[in-house]
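Engineer: below are the sequence and a predicted model; questions follow.
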Amino acid sequence: MVACWPEPIVSVQALSQTGMSTVPNRYVKPLHQRPVINADQTEADIEIPVVDMSDVWGKQEELKRVRSACEEWGFFQVVNHGVSHELMERMRGAWREFFELPLEEKRKYANSPDTYEGYGSRLGVVKDAILDWSDYFFLNHSPSSVKNPSKWPSQPPKIRELIEEYGEEVKKLCERLVETLSESLGLEPNLLMKALGGEDKVGACLRANFYPKCPQPDLTLGLSSHSDPGGITILLPDEKVPGLQVRRGDRWITVKSVPNAFIVNIGDQIQILSNGIYKSVEHQVIVNSGKDRVSLAFFYNPRSDIPIGPIEELVTENQPALYNPIRFDKYRLLIREKGPGGKNQVDSLLAS
């Protein structure tokens, strides 16, 4: 991986704050990639499935609901998930404060494409690429061998302690969800976690996203269409400003978040491990002309140094292995080098 970006990094937030009336060409998407708001969406279209985590344990009906959500949507929201609502709100507030810090303070944490850890404004190292309208802060949370809190922001006060507390709570939720997904696939509760490398070896990282106000939101995206490369993603959305869109067939559905809920989506590694039963679904982020938006994505990923392929119990004569195994550290490089690319990454692993 290269150690520097191909062009100087520009803070999108700083661009937005100049009061410009047009989007610079570097952020204008080709016509076929520009956001679409479906005027004929019904309420049923918009509301992705909601799972009550307090009802999941040992209840076949709820496990069927989880399976249906993973097969048909690749997304669901979880309520009664065990993470304090007050902690969720404090995390949103702390990261808003961070992004409101002076640019020179944030640039102390400027990242590079060798690890992506720190404050940044682009994905991918392709020169002259069309960029997304967003800034972010990316950090590693686990395993302990990759966690370095000194790389985390020190302002606002107590944010490092807050990141640690939030990370531990959401990691517990991830462990529960992996067990739930395993059972919903008809497997032993601990089998999917074993396939990911074991809970002591899995990786977890956090990306705080800042989507500034945009003068022409119909021309650009906060985050281009992609499926997540890892295991599962737990999104803490901005409840006041919608932005997440999920592909549903040939349409883009703008997600309405349920109060105090997390949005969960299946990543490419679960699609691979489930032998295509569960789907990682394309999603993107639209931006707003009048409001900034903050969201927090917690990525729960397989151990990076073992081959990830379809679970043996899910490979049959009628459903042979669909994907060639690959180590996650190699797979992750695809998106880090090229940036978001729809479903290209996982499709590249299809067995011939």
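Structural biologist: Thanks, I have it. In this text, all values refer to a predicted model and were calculated from it rather than measured experimentally.

Engineer: so where is the stretch 51-200 of the chain shaky, pLDDT-wise?
Structural biologist: For the stretch 51-200 of the chain, the stretches flagged by pLDDT under 70 are 57-58.

Engineer: I figured V246 was touching V285, is that so?
Structural biologist: No: applying CB atoms under 8 Å as the test, V246 and V285 come out as separate, 10.7 Å apart. Every C-beta, even on glycine, is put in place using the N, C-alpha and C of the backbone.

Engineer: burial measure for P189, as a count.
Structural biologist: P189 is flanked by 12 other residues according to other CB atoms under 10 Å.

Engineer: same deal with I159?
Structural biologist: Residues lying near I159 (other CB under 10 Å) number 18.

Engineer: what segments of the stretch 51-200 of the chain are helices?
Structural biologist: Along the stretch 51-200 of the chain, counting by DSSP state H, counting those that start in this stretch, helices occupy 60-72, 85-99, 103-106, 159-184, 191-196.

Engineer: buried sites along the shortest one?
Structural biologist: If you call a residue buried by 16 or more other CB atoms under 10 Å, then helix 103-106 has these buried ones: K106.

Engineer: and P242, which of the helices of the stretch 51-200 of the chain is closest to it?
Structural biologist: helix 85-99 (14.7 Å; CB to CB).

Engineer: report the inter-axis angle for the closest one versus helix 159-184.
Structural biologist: Relative orientation of helix 85-99 versus helix 159-184 (axes from the mean of the first three to the mean of the last three CA atoms, to 10 degrees): 130 degrees.

Engineer: may I see the buried residues of helix 85-99?
Structural biologist: Of the residues in helix 85-99, 88, 90-92, 94-95, 98-99 count as buried by neighbour count, 16+ other CB under 10 Å.

Engineer: quick one: pLDDT of S352?
Structural biologist: Note on S352: pLDDT of 66.

Engineer: same deal with E43?
Structural biologist: 44.

Engineer: now do A39
Structural biologist: What the model reports as pLDDT for A39 is 52.

Engineer: cool, V255 as well?
Structural biologist: 94.

Engineer: which residues does the closest residue to it other than its chain neighbours form beta bridges with?
Structural biologist: Nearest non-adjacent residue to V255, counting by CB to CB, 6 or more residues apart in numbering: L244, 4.5 Å away. On the basis of DSSP bridges, L244 is bridged to V285.

Engineer: ends of stretch 210-220, how far apart?
Structural biologist: For stretch 210-220, the first-to-last residue distance is 15 Å (CA to CA, to the nearest Å).

Engineer: kindly report the same for stretch 227-235.
Structural biologist: Chord length of stretch 227-235, first to last residue, is 14 Å (CA to CA).

Engineer: swap in stretch 97-107?
Structural biologist: Stretch 97-107 has an end-to-end distance of 15 Å (CA to CA).

Engineer: show me the contact partners of it.
Structural biologist: 11, 13-14, 119, 135, 137, 153, 155-156, 159, 208, 210, 292, 294 (CB atoms under 8 Å, 6 or more residues apart in numbering).

Engineer: apply 7 Å and report the result again.
Structural biologist: If you take CB atoms under 7 Å, 6 or more residues apart in numbering as the criterion, stretch 97-107 is touched by 11, 13-14, 119, 135, 137, 153, 155-156, 159, 210, 294.

Engineer: centre of the chain to it, how far?
Structural biologist: Its chain's average C-alpha position is 23 Å from that of stretch 97-107, according to CA atoms, centre = their mean, to the nearest Å.

Engineer: what do you get for stretch 170-178?
Structural biologist: The answer for stretch 170-178 is 15 Å, by CA atoms, centre = their mean.

Engineer: go on, stretch 17-28?
Structural biologist: Relative to its chain's centre, stretch 17-28 lies at 25 Å (CA atoms, centre = their mean).

Engineer: what does that stretch contact?
Structural biologist: 130-131, 133, 214-216, 219-220.

Engineer: of those residues - the most surrounded one?
Structural biologist: W133 (28 neighbours).
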